[in-house]
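Peer 1: Structure of the sequence below:
(2 chains)
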Amino acid sequence: MSPEGVTSPNPVGDAIGKSVPRLEAREKLTGQAVYTDDMTLPGMLHAAMLGAPYAHARIRSIDTSEAEALEGVRAVVTAEDLPKKKYVGVFLKDQMTFAGDKVRYISEPIAAVAADTLEIARKALQLIEVEYEELPAVFDPEEALEADAPILHENRDEYPCPYERPEHPNAVAYTQFKEGDIDNAWAECDVIVEGVYETPAQEHMYMEPCSTLVAVDANGKITIWSSMQSVFRVQTMIAEAFDMPMSKVRVIAPRIGGGFGGKCDLTNQPATVALALKSGRPVKMTLSREDDMMMMKSRHAGKIYCRTGARKDGTLVAREMRLFLDGGAYADESPEVSTVAAFFGRGPYRIPHVNVESWSVYTNKLRASAFRGFGNPQATFASERQIDEVAEKLGMDPIDLRIKNALQSGDKWLGGQTVEGGSLAECLEKARAASDWDKRRQNNGKEVRPGKRRGICVSGMSHISGMLSAGAAVRLHEDGTVTVNTGAVDIGEGADTVMAQICAGALGLSLDQVNYGNPDTDSSPYNFQTSASRVTYMVGKAVEQASERVREQMFRHAGEMLECAEDDLELRPGGVIGIRGVGDAAVPFAAIAGRSLYASGGPIMGTHNWLFEGERFDPKRALVRGFALDGIGVFTFGAHVVEVDVDMATGKTEVLEAWCAHDVGRALNPGAVDGQIHGAFAQGLGYGLYEELVWDDGRLVNPTMMDYKVPGPLDLPYKIHPILIENPSDGPFGAKGIGEIALVGTAPAICNAITAATGAAINRIPATPERVLRAILAAEGGS
Amino acid sequence: MSEMDVIEKQPVTLRVNGNVHELEIAPARTLLDVLRSELRLTGAKRSCNQGVCGACSVLRDGKPVRACISLAFAAEDSEITTIEGLADGNRLSRVQQAFVDAGAVQCGFCMPAMVIAATALLNENPNPGVEEIRHGLGGNICRCSGYVKVVDAILSLTEGSKS
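Peer 2: Reported below is the predicted structural model:
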């Protein structure tokens, strides 16, 4: 949370709370916005990567001579061209730019070519001769944890790792949270529900495939433009992979065509850097959609064993959960994802007796890593399905049951952190009222439209907003306008606009008096990443406070210029400081700026840098074993009510309407908040109904947009109603993050509605027509 | 310039955004490739590259086509309009302005094509309802927005919204 005493000022002017259009809307709508693949440098080469044909194989030899001899080829790189045993990763560092001794998933990059044209580069890839020795492979996380399973990383002791790894070499990380007395709690329960839940590997499917452009200057300094979620993470990890100082790596953000977690950390930047270093020419590498889907990352597929017990009156008593998350061939963010999944295993409810265990596991498949929700959607799917089943068994209204058990402010989260802003019950009440829940619920199971059954149901949800560190700098220009610099890369969510609004609100400026600087490691203050619903809360707080520092400096000047006490001064809209209550006693920012530059004090610049320091786990309350991250953010809460029609002949589900209530602290730009909720709902609907990467013996069978369906305009209801609740947090002007949470509870809300419509239990997503139909038949057969 | 170009280049005349371009290109090259690489019109995007997502949409004689699966040669006798051709200098087209006002833009990668699709839809049917709009945009994928504000933007240009 924010350090004591760092309070928000009152906003001046009308920038805060206003749905202003994106600063960059015009450039994006006219085709002028420059994404990485739109850039060209003189002498630039085009590049592509070669993927492995086997899921698990030893590399005997790689012969690139024929590829190098092809006319127009300027560089071919393999593991031989990079520093040896320089593993990169986030916590567990287990990955190289190109496979060295072994390949561990089909399409794992093993070489790259830069050539005069993309056609030549691709042709050259086919001329690379690789000799493999195929090895037994494993594709299922639970099988991978068996004693005699094929081992992916025999050399794991070489990998830098800051936490103690589980014993089994295929286990990436393990986390346990245990509270209360779980063994004896079940005897207290009148109702116990138990189930196994399965969630898919979801593809990020950012519309812009991964793309990187690299130039190397005469002094060996590398400049990288890339589609990414953090200029600073890319800078750090490239320096690490190439064993070079960060002072020789510059990273600049162009426009980014979506990320959703898939562009956290590294994508194809290291391969492109290797080619630029070897060829001495600028190199651009844009992945084809198929290469992007087969080589990059996905969400962790999950298998979740869950048991929940309650008393007759609806009081939740006990929860056990075991999660197996499929990490694919390398760690990436698996350790963090599985610990976050465990952290949300109890959900936002008061359950005194809990045991949650989660594993992330290596398998010979595509790497899984960060994806909007970060482990939470898997845990929440099982949890919210099961809460609904408890309500059904007890004959209770599912909203009543959730409200009865909802965490309140002052309660403890699993692990012992104190909940602030505990507004789950309020979110549920607002969603109930807005959806006309009591009336619509009477239609549950009814054939409102011929051949279809209607169902309405709910999911509660929670997430965090915050994490790690961020800074901001605000500089006053000679004419009284300002420039804001941060390291926050806008991946489409609207950070540029909201950061500018925060500065404008803190200084009483209009938006066109605020320039938002593009993130560039050469000149921007540090920011960890655009992830963890953290930019508004973390970077926004830094912008708010950096603006405050500018105001304070300006007040000192204004006090001297107007010959009054600083306490008597006020900001007035439009860039003016005046004496409170004295209308015409005022100085414009420009006069202050001029004075600072030419007469007194020097240039005015405000900075603020901070690290989120949350409460730690409480060892007296909870047993926490394995890899666990505490103090990661402030809590956020929400509730979705969803109404569906299910076609009883085909099993097809149509989502008719959705009400999405979220406590956002304060909506700095309500239109942008709505956009985040709409988009997260859409992605959650895809997760719940359509999206699933499918493998056959390690080969991804649907690596195209033709074969992997993301929701289109006809798959989503027009009636998605965001309901914004504003209980101020300690974030900028009270705001907290909304980026991820609305995805977290969407799939369970939809599946709960399918159950309400049909009586069939949907415990595996996506709930395709076939799965729904089978569940309906099973429910009918069982009755 | 690709190897294929050297062997098989043929002359072609393309009319794009009112300008006439005399080019020599290989017959197998797609319209998207030629727009982006030869004419440096990068507003049309490559995303799925198989005609599914719609991000490469341009207008051919007023109708939306997928430039990633259209041959440049096949466009020879047509008038091509790309996103760069919709605004009148600094003045946005009414569709572009409606997208700004509705807050429909997020990452923006699909947006040029959405505007193209919306322009074509409104040319065909000046007053579409919600269902007609959803169908009119049916071939265009957006991963950020959930389409609600895109529909709102187009609705704002119809008769019904002027009340």
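Peer 1: So, low pLDDT: which residues of the chain?
Peer 2: No chain in the question, so chain A it is. A:1-5, A:782-783 (pLDDT under 70).
Peer 1: um, chain B though
Peer 2: B:1-7, B:162-163.
Peer 1: what packs against the longest helix seen in it?
Peer 2: Determined from DSSP state H, the single longest helix within chain B is helix B:111-124. Judged by 3 or more CB pairs under 8 Å, 6 or more residues apart in numbering or on different chains; DSSP states H and E, helix B:111-124 is in contact with helix A:25-29, strand B:57-60, strand B:63-66, helix B:94-102, helix B:130-136, helix B:148-155. (Each C-beta comes from the backbone N, C-alpha and C, glycine too.)
Peer 1: Any idea which of those gets closest to residue A:645?
Peer 2: helix B:130-136 (15.6 Å; CB to CB).
Peer 1: Show me which residues of the stretch 401-550 of chain A sit near chain B.
Peer 2: The stretch 401-550 of chain A comes close to chain B at residues A:491, A:492, A:493, A:494, as judged by CB under 8 Å from any CB of the partner chain.
Peer 1: give me the number of residues near the residue lying closest to the last one once chain neighbours are set aside?
Peer 2: Nearest in space to residue A:494, with sequence neighbours left out and distances taken as CB to CB, 6 or more residues apart in numbering or on different chains, is residue A:672 at 4.2 Å. Each residue near residue A:672 was counted by other CB atoms under 10 Å in any protein chain shown, and the total is 24.
Peer 1: can you state the direction angle for the one helix or strand residue A:672 maps to and helix B:148-155?
Peer 2: Assigned by DSSP states H and E, residue A:672 belongs to helix A:670-689. For helix A:670-689 against helix B:148-155, the angle by axes from the mean of the first three to the mean of the last three CA atoms, to 10 degrees is 120 degrees.
Peer 1: next SSE after helix A:670-689?
Peer 2: Next in sequence after helix A:670-689, counting helices and strands by DSSP H and E, comes strand A:695-696.
Peer 1: Can you list the strands that that next one pairs with?
Peer 2: Using DSSP bridges, strand A:695-696 pairs in its sheet with strand A:699-700 (antiparallel).
Peer 1: After the partner strand, heading C-terminal, what element do we hit next?
Peer 2: Using DSSP H and E, the helix or strand that follows strand A:699-700 in sequence is strand A:720-725.
Peer 1: looking at the helices and strands packed on helix B:111-124, which is closest to residue A:183?
Peer 2: helix B:148-155 (48.5 Å).
Peer 1: Could you list every helix and strand in contact with that closest one?
Peer 2: Judged by 3+ CB pairs under 8 Å, 6+ apart, helix B:148-155 is in contact with helix A:670-689, helix B:94-102, helix B:111-124, helix B:130-136.
Peer 1: can I get those in TSV with distance to residue A:769?
Peer 2: TSV is the format used below for those (distance: least, CB to CB, whole Å):
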stretch	distance to residue A:769
helix A:670-689	9
helix B:94-102	33
helix B:111-124	28
helix B:130-136	20
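Peer 1: Deepest-packed of these, please.
Peer 2: Most buried of the helices and strands packed on helix B:148-155, by mean neighbour count (mean count of other CB atoms under 10 Å in any protein chain shown): helix A:670-689, with a mean of 27.
Peer 1: Taking chain B, what residue is nearest to chain A?
Peer 2: residue B:43 (2.1 Å; CB to the nearest CB).
Peer 1: in what helix or strand does residue A:660 lie?
Peer 2: Element membership of residue A:660, judged by DSSP H and E, is strand A:653-663.
Peer 1: Show me what that strand is packed against.
Peer 2: On a contact count with 3+ CB pairs under 8 Å, 6+ apart, strand A:653-663 meets helix A:424-435, strand A:634-647, helix A:670-689, strand A:720-725, helix A:741-744, helix A:746-758.
Peer 1: How about it, which residues are buried there?
Peer 2: A:653, A:655, A:656, A:657, A:658, A:659, A:660, A:661, A:662, A:663 (16 or more other CB atoms under 10 Å in any protein chain shown).
Peer 1: Then stretch A:94-104?
Peer 2: For stretch A:94-104, by 16+ other CB under 10 Å, it's A:94, A:95, A:96, A:97, A:98, A:99, A:100, A:102, A:103, A:104.
Peer 1: In strands, which of these fall?
Peer 2: Secondary structure from DSSP state E places A:94, A:95, A:102, A:103 of the buried residues of stretch A:94-104 in strands.
Peer 1: Among these, which one lies nearest to residue A:206?
Peer 2: Of all these, residue A:206 sits closest to residue A:95, with 20.8 Å by CB to CB.
Peer 1: give the contact list for that closest one.
Peer 2: A:87, A:88, A:89, A:330, A:331, A:332 (CB atoms under 8 Å, 6 or more residues apart in numbering or on different chains).
Peer 1: Might one say that the residue nearest to residue A:494 is in contact with residue B:105?
Peer 2: No: counting by CB atoms under 8 Å, residue A:672 does not reach residue B:105; the two are 10.1 Å apart.
Peer 1: can you tell me the helix or strand for residue A:138?
Peer 2: In the assignment (DSSP H and E), residue A:138 maps to no helix and no strand.
Peer 1: separation between the nearest residue to it once chain neighbours are set aside and chain B?
Peer 2: Using CB to CB, 6+ apart and skipping residues adjacent in sequence, the residue nearest residue A:138 is residue A:144, 4.6 Å away. Between residue A:144 and chain B the computed distance is 31 Å (CB to the nearest CB, to the nearest Å).
Peer 1: Can you list phi and psi of residue A:144 for me?
Peer 2: As for residue A:144, its main-chain torsions (degrees, to the nearest 10) stand at phi -60, psi -20.
Peer 1: State the number of residues packed around it.
Peer 2: Residue A:144 has 25 nearby residues by other CB under 10 Å.
Peer 1: Alpha carbons only: can I get the helix holding residue A:672 in PDB?
Peer 2: Extracted in PDB, the C-alpha atoms of helix A:670-689 (Å, rounded to 0.1, in the frame of the first residue of the first chain):
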ATOM      1  CA  PRO A 670     -15.300   5.800 -16.700                       C
ATOM      2  CA  GLY A 671     -15.400   5.100 -20.400                       C
ATOM      3  CA  ALA A 672     -12.000   3.400 -20.300                       C
ATOM      4  CA  VAL A 673     -13.100   1.400 -17.300                       C
ATOM      5  CA  ASP A 674     -16.200   0.200 -19.100                       C
ATOM      6  CA  GLY A 675     -13.900  -0.800 -22.000                       C
ATOM      7  CA  GLN A 676     -11.800  -2.900 -19.700                       C
ATOM      8  CA  ILE A 677     -14.800  -4.600 -18.300                       C
ATOM      9  CA  HIS A 678     -16.300  -5.200 -21.800                       C
ATOM     10  CA  GLY A 679     -13.000  -6.600 -23.000                       C
ATOM     11  CA  ALA A 680     -12.300  -8.800 -20.000                       C
ATOM     12  CA  PHE A 681     -15.900 -10.100 -20.200                       C
ATOM     13  CA  ALA A 682     -15.400 -10.900 -23.900                       C
ATOM     14  CA  GLN A 683     -12.100 -12.700 -23.200                       C
ATOM     15  CA  GLY A 684     -13.700 -14.600 -20.200                       C
ATOM     16  CA  LEU A 685     -16.600 -15.600 -22.400                       C
ATOM     17  CA  GLY A 686     -14.100 -17.000 -24.900                       C
ATOM     18  CA  TYR A 687     -12.400 -18.900 -22.000                       C
ATOM     19  CA  GLY A 688     -15.700 -20.200 -20.900                       C
ATOM     20  CA  LEU A 689     -17.300 -21.200 -24.200                       C
END
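Peer 1: what about it, distance to the chain center?
Peer 2: 13 Å (CA atoms, centre = their mean, to the nearest Å).
Peer 1: Mark out where each domain of the chain begins and ends.
Peer 2: All of this refers to chain A. With domains defined by automatic domain parsing, chain A comprises A:25-33+A:468-611, A:44-135+A:205-295, A:297-466+A:617-782.
Peer 1: ah, no, chain B please
Peer 2: Listed domain ranges for chain B are B:3-85, B:94-162 (source: automatic domain parsing).
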